[in-house]
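J.: please find the sequence and the predicted model below.
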Amino acid sequence: MSPHNQSGGAADRPPLTLHIPEPAARPGETPRFDHLTFSPAGSIRRPDPGVAEPEIRDLPYGLIRVLDDQGQAVGPWDPGLDAETLRRGLKVMAQARVFEDRMFRAQRQGKTSFFMKSTGEEAIGAAQSMMLDRDDMCFPTYRVLSWLLARDYPVIDLVNQIFSNARDPLKGRQLPILYSARKYGFYSLSGNLGTRFSQAVGWAMASAYRGDTRIALAYVGDGTTAEGDFHEALTFAAVYRAPVILCVTNNQWAISSFSGIAGAETTTFAAKAIAYGIPGLRVDGNDFLAVWAATAWAAERARTNKGATLIEFVTYRAAGHSTSDDPTKYRPMDEAAAWPLGDPIERLKTHLIARGEWSAERHTQMEAELAEGVRAAVKEGEGIGTLGQSKPPVSQMFEDVFKEPDWRVLEQRRELGV
Amino acid sequence: MSPHNQSGGAADRPPLTLHIPEPAARPGETPRFDHLTFSPAGSIRRPDPGVAEPEIRDLPYGLIRVLDDQGQAVGPWDPGLDAETLRRGLKVMAQARVFEDRMFRAQRQGKTSFFMKSTGEEAIGAAQSMMLDRDDMCFPTYRVLSWLLARDYPVIDLVNQIFSNARDPLKGRQLPILYSARKYGFYSLSGNLGTRFSQAVGWAMASAYRGDTRIALAYVGDGTTAEGDFHEALTFAAVYRAPVILCVTNNQWAISSFSGIAGAETTTFAAKAIAYGIPGLRVDGNDFLAVWAATAWAAERARTNKGATLIEFVTYRAAGHSTSDDPTKYRPMDEAAAWPLGDPIERLKTHLIARGEWSAERHTQMEAELAEGVRAAVKEGEGIGTLGQSKPPVSQMFEDVFKEPDWRVLEQRRELGV
Amino acid sequence: MPKMDMIQALNSALDVKMSQDPDVVVFGEDVGYFGGVFRVTDGLQRKHGLKRCFDTPISEGGIIATAIGMGAYGLRPVPEIQFADYILPAFDQLVSEAARLRYRSGGEFWAPITVRSPYGGGIFGGQTHSQSPEAIFAHVTGLKTVIPSNPYDAKGLLIAAIEDDDPVIFLEPKRIYNGPFDGHHDRALKTWAEAPGSDVPEGHYTVPLGKAAVVREGREATVLAYGTMVHVAKSGIEESGVDAELIDLRSIVPLDIDTIVASVKKTGRCVILHEASRFGGFGGELSALVQERCFYHLKSPIGRVAGWDTPYPHAFEWDYFPGPSRLAAALKRVMED
Amino acid sequence: MPKMDMIQALNSALDVKMSQDPDVVVFGEDVGYFGGVFRVTDGLQRKHGLKRCFDTPISEGGIIATAIGMGAYGLRPVPEIQFADYILPAFDQLVSEAARLRYRSGGEFWAPITVRSPYGGGIFGGQTHSQSPEAIFAHVTGLKTVIPSNPYDAKGLLIAAIEDDDPVIFLEPKRIYNGPFDGHHDRALKTWAEAPGSDVPEGHYTVPLGKAAVVREGREATVLAYGTMVHVAKSGIEESGVDAELIDLRSIVPLDIDTIVASVKKTGRCVILHEASRFGGFGGELSALVQERCFYHLKSPIGRVAGWDTPYPHAFEWDYFPGPSRLAAALKRVMED
Ligand SMILES: Cc1ncc(C[n+]2csc(CCOP(=O)(O)OP(=O)(O)O)c2C)c(N)n1
Ligand SMILES: Cc1ncc(C[n+]2csc(CCOP(=O)(O)OP(=O)(O)O)c2C)c(N)n1
Ligand SMILES: [Mg+2]
Ligand SMILES: [Mg+2]
C-alpha cells in the first residue's frame, strides 16, 4: 500500500459547500455598502509617479479622494485646477446628463431601438478626456459619452448615430451609442465587452514602437474584468511596459449582478494591478478632481516610460443598465440615493460654489442652455429622421466589409438591386 | 478652445520606447538568477490555514522552503513526514526520471512521434499526489508524470500510450504522454495549454455543490499563466470559494521564452493570487517537503470551505522543452547546473541520508531496480508494438466522437471499410 | 394542455429537469435572482435555491470551462450565454475541450453540458445581438447543435439536450420567443397562443435530437429551414404559390439526412433558408449533401437564401434579413429553371 | 534565382517587408530570439532588432488583440500563432474585432494584420497539432483566408497579405514546409529543390489574393484543392488515370470563383479535396457554389474527399488523412456516375 490519505480518509471530512455571493440588499431592503471602504478625502498619500510598484501595494485598498463632504479640495492629490477648467468639466457632465435623459425618452417614444445612460459616472470620461492630450486615444465603453462631449463632438452627430438615420456617421451599421470618433480620440465601440481593453495595449505599444508620444486609455466595467481579455491586457501592458492607463469603472452593478459576482466580495478591482507588478489606484469616481489627479499621475508614468497603471474608479450606476432594463427588479429602489459618494455633478458644483466660482443661478441657467442645445440637436436629427424613417443608402450595408468589395458583395448588391 | 493639453503639447514630450524583456543570460553567457528571490529555508512564517487573505499578502514574495543546504528539514513548514513516506517519494521521483530518460531515447529511436520530460520537476507531482486523497482530482500538465507513478499507475500503460499501440489505453487517439487516468485522479490531458485550469474549478464547484468532500488540484506552467483561462479559473475559484488548489509550475522557461515574457520580470506568479483576494504561496518546487507542506496547507483550507489557494512552485526545466526542442539554442548550456535550488531527487536523498534513513548504496540499488522495471515494461510495450507497427483497431478512430455514433460516422466507417 | 410561448416552454423544461434531477444546475450572466435578460430562467432560483440557478462573472470562457468541469464531475450543467454573439470567447473551450473530451480520454470523461443561447436577428439588435453562428458549431466534431422553432419543440428538445450525454449547443431564436415571426415586420406580431406548437404539456417529455419535422407537405420543391426561418419559410412559400414541402431541421447536428433526402427525391427541387451570412454558412453543407444524394432527382439548382455576406447592420435590418419575398423569389427561380 | 523551401520563402517574405517598411512588426510565441518553432522567423530579430521581432506571452487572444491595436495605430503587424489549433483562444478577437472593425467604425479604423499559422496534418501531431480550421474563418465576413501550396506562392502571397489593408489569416500547411508531400507517406519525402514552385526571387514580388492557379490542365474533371492537398491531388489524379484539371485555390477568401466555374463548365465533373473534417467544411461551400453556377454542366454529383468527421487521431494518421487513393477513388466515381 502506498501511503496515501495520510490526512484521513474522505469519510471523516465535513461536507463542502458552494458559496454563491449575494448583494447586501435586494428590492425592499435597506441599501447597504458596508463591504466597501471609503477613505476620508485627502487621507491617501500621493507617491511620486516614478515610484516602484512594491512601494505602493497599499494604494489599491485605499480610496483616493480630493473633494470632502463640504466640497473643499483637500490633500496631496488635489490637482489644483483653475475654475475655468472646472466649470468646463461641470458643463460637460451636465450636458451628458441632459442629453442622455433626452435620448432615453426618445427611445421610449420609439425613435430608436436602444439606449444606455451613464448617469452618476459622468466625471470619469469628462475629467480624463480633458486631462489627456488630443492625440491620445480612448478605448471606451458605452458609458463614457462625456469623453466625446469634453472634446466638443457635435451633438447632432450623436443624435444621427442614435437614430441610425441618413446622416449617421457610422452609416447605419451600429447599435445606438456604439460610436466611433477617431478625430476625437475615441476608438470604435462594439457591443461585445472587454475586447478593446487589450487592443488599447497594442495601440500604446505601437506608439512606443514608433517612438511617438501618444498614450492610450481604456475602460472596462467592473463586471467585464472577469473576461480573459482583461488579464491579457494587463499581462501585455506589464510585460512591455506599455504607455496605457487601464481603467475599471466599478459602478457596483453589471446589469443585475453585483460586483461580488465579478470578484469584489472581499477585495478591490484596483488590487488586480498587484498581480502584474504595476501600480493600482482606487479612486473616487464621482470626484472630478480625484479622477483628474489619478489620471495625471498615471499619464506621467506612462509618458516617462514607466509603463501602465490600473485605476479603479469607484462609482455607482444610478440609472438602469439600458432601456431594456428595470433595476427595481434586483436592487433597492433607493440604492442610488444612498450611494455614499454622492453625485459627481452636485459635488463639483458644490466645490465651485464654495470657491466662489459658481452659483445655483448660473447652474440653473447653464442647464437650461444645455437643454435647449440638446433639444435643437434632437429636433435637427428628427428632421433628418428617426430609426426606420430615414437611413443611409442601402448600398452602405455592403461597403467596408473589406477595403475593396469582392464578387460576393457585388453580386449580392445586384441581387438586392442597390 | 477647450482647456485640453494643460499638461503641455505632444511636441514637448520625450519619445516613448517599447520595452521587450530579455533573460539574464543567453547561450555562451554565464547563467544568472538574480532576478529571483530565494528566502533561506525555514524563514517564512506558517500562518494558520484559516487565516484571512489580507494577513498574508507578503507570502507571495517569499519562498517557502523546508530543506536547507545541508539537507536538514527546518522551520514551521516542515510537514514532519516519516521516513517511509519520504522513501516512497524518492522512489517515485527516481522512477519518473528513469522512465523519461528511457522514453526520450525511444522517441529518438523512432519508436514514437514525440516525448516530453519533467526532469527537475518531479517533486511537485510526487508530493502532491501522495499528499492528496485518492478521490481528489488532478488537472495535470504534461509535466506531472510523477503524479501517476505515485499512485502506481502501471508503467506498461504509459508505454502503450506513448507507442499508440494496440493496447494504448487511449485507443490511439492522443499524442504521447497526453494521458487520461480517471481512476488515478488524473484528468484528461490535451495539447492545448491552459484550458483545464478553469475546468478544475468547475469540478471543485461540483463537489461543493453536491456536498461531497473531494477537492481539485490544477497545474499550469509559468508561460501558460498568460492565457485568459488562468484569469477565468482564478476569478471563478475566488467568487465561489471553490475547493481547489491552483498551481503554477514556474520552471523559468516556456519553450524558448523566459518567465519575464510571461510577466515575472518584476514580480512573482504567486502574487497573482492577490488580484483575487485568495492566498498565494511561493514555494521551492525542488523541495519535496516544502511542496508537501504547502499542498497540505492549501488542502486544509479547501476542505474547510475557505476556498482556493494559488501556489507557485519555483523550479527549473532541466531538460529541453520536448523532443522537438534544443535548449542550447536559447539559454546557456550550463544553466540547469547553476540552478540555485538544486535537484529534487538529490535533495530528498541527502535529507534521508542525513536522517540515517537512506544510503548511497540503497539509492544505487533502487535506481537499478527501477531501470530494470522500466526496461521490462518498455520491452513488453515493444512486444505489442511501437508507433506505426501496432495500433488499436481502426474502428477506434470512429468511436467516442459522441456517445452513440451518428450516420456520418457509420457511413464513413463503411466507406473506409472498418 | 396549457398554452406556452417559447420562453415559458424553455423555463418549464428547465424547471422539470431541475425538479427531477438534482444534478441539473443552471448558471450564467444575470440568470439567477433576476431570471435572465430574456426571462428564461425566471423563478428558478427562488424555487430551486441559490446554488442551483446562479449568476456568474461576465466570462463566457469561464462559464463554459466551469460547466465542463462540473459535467466531468457528474453534474448536468445548463449554462446560458446571454447572446450567441458572445459564445465566441468560449469557442476554444467548446471546440478544444467539450467537444473532444470523450474522444481524447478514450471515453473516461465527457461533458454532458447544454449551452443555451439566444441567437439570430430581426430585433434591431445591431451587429452583436443578431448573429447566427450555427455553421461554426456544425463543423466541430463532437458538438451537437439544436435549434427549435416553436414552444413544444423548444421544451422537448431542451429536455432531450439536457439528458444527452454529449455537449449540445442549444440556440434559441430570440425573434420568436414571444410569437411566430414570419418575416412580415410591418404586420402585427402573432402571439404563440394563436399558433401551432404552443400546446405544451406541463411535465416531462422529449423531442429527440436528430429528427426533423415536416411542417408542410408539398410536391414541387423542398424548403430546408430552422429556427425563425421556419416561420419565414411558411409565409414565403405562401407568397410564392409553389407547393413546397417545408422541413424544420430542429437539430443540425445530428442532422436528419433521411427526411431531407426523401423529400428532395420526391420534389426534385430544393431551397435552403438561413439567417446567417451565406458564404461558408450551414446552407453550403446542406446543399452539398442534397446534391450528393439527390443529384439525379434534381430538376434545377439548389437555391440558397441567407443573410448577405456582410456583418449584421442595424439600420438595414430588413434589407439584410432574408424575408419571405426573397424565399418566394428563390422558389420561383427553382421552379423556372 | 535561388531555390527555397517554404520556410525560407516565408522567412524571405518577412525579411523583405521588414526591410521595406518600418511599420511591419513580427511577434508571437518563441518567434524572437529563437526564431519560431518552425524557424520561419529565424534571424529576423538579429537582423531587424529586438523591437521588430519579439516573443509574446502565451496568450493567443492577447497576441491578436495587441496586433489589432497596433494595426489601428498604423502598423502592419504580422503575428504568428504557433499552431492553427491554438488560434481558437483568439477567435473572438478575430471575428468580433479584426473582421468587423472597418465596417462598424464606418471606415475610421481597420486592422491590417496578417496572422500566420502553421496548420494541417500529416506530421503525427495528434489532435491539437493537426487541425485545419479554414472553414470557420471562411464564414466570417471581413476576414481573408490564404493558403499557399509552394514556396513561390508562399512568399508572394505573404507579401500581398501583409500589404493588404484587411485582416488576413495566413495558414501555412506545415506538412509541406520542407518538401511537397503528396500523401505517399511510405515513400521518401521529395525536397522542394526538385519540385516546381521552389524558384523564389530574393526581392519583392506579390501573388495577388483571390487568384487561383490551374496547376494541371485536364478535360474530364476538375479537382479543387489548397495547401498540402494540391500535392496529394496531383498524385491522386495520376493514380486515377482521369484527365483531371487541378485548381489550387491559394486563397479561399477572396475566392476565385471565375476560374472554378470556367473549369467545371469545361469538364462537367468536380471533386473537392480538403484535410479538414468533411461536415460543415469548406468543401460544402465549394460544392454549393459549383452546383449553383454549373448545374446544367454537371455530368455527375460533385464529390468531396476530406478528413473524417472525427477529431484528428494520432495513431490513425494515415487512416484519417485524405490521401491520393481516396481522391483517385472519388475521381473514378465521378467518371462512372
Ligand atoms: C462578451 C459579452 N458578454 C456579455 C454581454 C452582455 N452584457 C452587456 S453589458 C453587460 C454588463 C456589463 O457590466 P459592467 O462591465 O459592470 O459594465 P456596466 O454596464 O456596469 O457599465 C453584459 C453582461 C456582452 N455585451 N458582451
Ligand atoms: C493554447 C496553446 N498555445 C501554444 C501552445 C504551444 N506550446 C506548447 S508548450 C508551450 C510552452 C509552455 O510553457 P509553460 O506554460 O511555461 O510550461 P512548461 O512547458 O515550461 O512546463 C507552448 C507555447 C499550446 N500547446 N497551446
Ligand atoms: Mg458595472
Ligand atoms: Mg515553463
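T.: Noted; the coordinates are in hand. Numbers count the residues shown, from 1 in each chain, chains lettered A, B, ... in the order given. Ligands and ions are numbered 1, 2, ... in the order given.
J.: now do the strands in chain A.
T.: For chain A, the strands defined by DSSP state E cover A:137-139, A:216-221, A:244-250, A:253-254, A:257-258, A:280-284, A:309-314.
J.: no no, chain C
T.: C:24-28, C:53-55, C:76-80, C:114-119, C:144-146, C:168-173, C:213-216, C:221-225, C:244-248, C:251-253, C:270-277, C:303-307.
J.: show me the contacts for the residue in the stretch 251-400 of chain A positioned nearest to ligand 1.
T.: The nearest approach of the stretch 251-400 of chain A to ligand 1 comes at A:A254, 3.1 Å away (C-beta to the nearest ligand atom). For glycine as for every other residue, the C-beta is placed from the backbone atoms N, C-alpha and C. By C-beta atoms under 8 Å, 6 or more residues apart in numbering or on different chains, the contact set of A:A254 is A:221-224, A:261-262, C:29, C:58.
J.: okay, and the beta partners of it?
T.: A:S257 (DSSP bridges).
J.: quick check: end-to-end length of stretch A:115-124?
T.: 19 Å (C-alpha to C-alpha, to the nearest Å).
J.: so for it, what's the average pLDDT?
T.: What stretch A:115-124 shows for mean pLDDT is 98.
J.: dump the residue contacts of C:V31.
T.: With the criterion set at C-beta under 8 Å, 6+ apart, C:V31 makes contact with C:40-41, C:44, C:53-56, C:80.
J.: closest to A:D133 out of those?
T.: In terms of C-beta to C-beta, no member of the contacts of C:V31 lies closer to A:D133 than C:T56, at 38.7 Å.
J.: can you count the residues close to the residue nearest to C:V16 when sequence neighbours are not counted?
T.: Spatially, and ignoring its direct neighbours in sequence, C:V16 is nearest to C:H204 (5.2 Å; C-beta to C-beta, 6 or more residues apart in numbering or on different chains). Around C:H204 there are 15 other residues, counting by other C-beta atoms under 10 Å in any protein chain shown.
J.: pretty sure C:H204 is touching C:D21, no?
T.: No. Counting by C-beta atoms under 8 Å, C:H204 stays clear of C:D21, with 10.3 Å between them.
J.: tell me which parts of the stretch 201-350 of chain A are close to chain D?
T.: A:201-207, A:209-210, A:216, A:228-229, A:232-233, A:235-236, A:239 (C-beta under 8 Å from any C-beta of the partner chain).
J.: one more time with 7 Å, if that's ok
T.: A:201-203, A:205-207, A:209, A:228-229, A:232, A:235-236, A:239 (C-beta under 7 Å from any C-beta of the partner chain).
J.: ligand 1: which of those is nearest?
T.: A:D229 (8.7 Å).
J.: tell me where the stretch 251-400 of chain A has helices.
T.: A:288-303, A:335-338, A:344-354, A:360-384 (DSSP state H, counting those that start in this stretch).
J.: where does the stretch 301-418 of chain A come near ligand 1, residue by residue?
T.: Proximity of the stretch 301-418 of chain A to ligand 1, by C-beta under 6 Å from any ligand atom, involves residues A:317, A:321.
J.: low-confidence ranges, the stretch 51-200 of chain A, go.
T.: In the predicted model, the stretch 51-200 of chain A carries no residue with pLDDT under 70.
J.: enumerate the residues of it near chain D.
T.: Applying C-beta under 7 Å from any C-beta, one finds that the stretch 51-200 of chain A approaches chain D through A:169-171, A:173-174, A:180, A:182, A:187-188, A:190, A:192, A:195, A:198-200.
J.: give me the distance between A:D343 and A:G373.
T.: Distance of A:D343 to A:G373, given as C-beta to C-beta, to the nearest Å: 21 Å.
J.: same thing with C:A288?
T.: Counting by C-beta to C-beta, the gap from C:A288 to A:G373 is 58 Å.
J.: contacting residues for C:R293?
T.: C:V261 (C-beta atoms under 7 Å, 6 or more residues apart in numbering or on different chains).
J.: what's the closest of the helices of the stretch 251-400 of chain A to B:L246?
T.: So among the helices of the stretch 251-400 of chain A, helix A:288-303 is nearest, using C-beta to C-beta, at 30.1 Å.
J.: that older thread, make TSV from the strands of chain A and add distance to D:K155 to it.
T.: Rendered in TSV, the data for the strands of chain A read as follows (distance: least, C-beta to C-beta, whole Å):
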stretch	distance to D:K155
strand A:137-139	34
strand A:216-221	34
strand A:244-250	35
strand A:253-254	48
strand A:257-258	51
strand A:280-284	47
strand A:309-314	43
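J.: out of these, which is closest to ligand 3?
T.: For these, the distance to ligand 3 is smallest for strand A:216-221, at 3.8 Å, taking C-beta to the ion.
J.: partner strands of the closest one, with direction?
T.: Strand A:216-221 is paired, per DSSP bridges, with strand A:137-139 (parallel), strand A:244-250 (parallel).
J.: how about the last one: buried residues?
T.: Meaning strand A:244-250. Neighbour-count burial for strand A:244-250 flags A:244-250 (criterion: 16 or more other C-beta atoms under 10 Å in any protein chain shown).
J.: residue of the stretch 1-150 of chain A nearest ligand 1, please.
T.: Closest point on the stretch 1-150 of chain A to ligand 1, by C-beta to the nearest ligand atom, is A:R143, at 4.7 Å.
J.: state the number of residues packed around the residue lying closest to that residue once chain neighbours are set aside.
T.: Among residues not flanking A:R143 along the chain, A:S118 sits closest, at 4.0 Å (C-beta to C-beta, 6+ apart). Residues near A:S118, counting by other C-beta under 10 Å, number 28.
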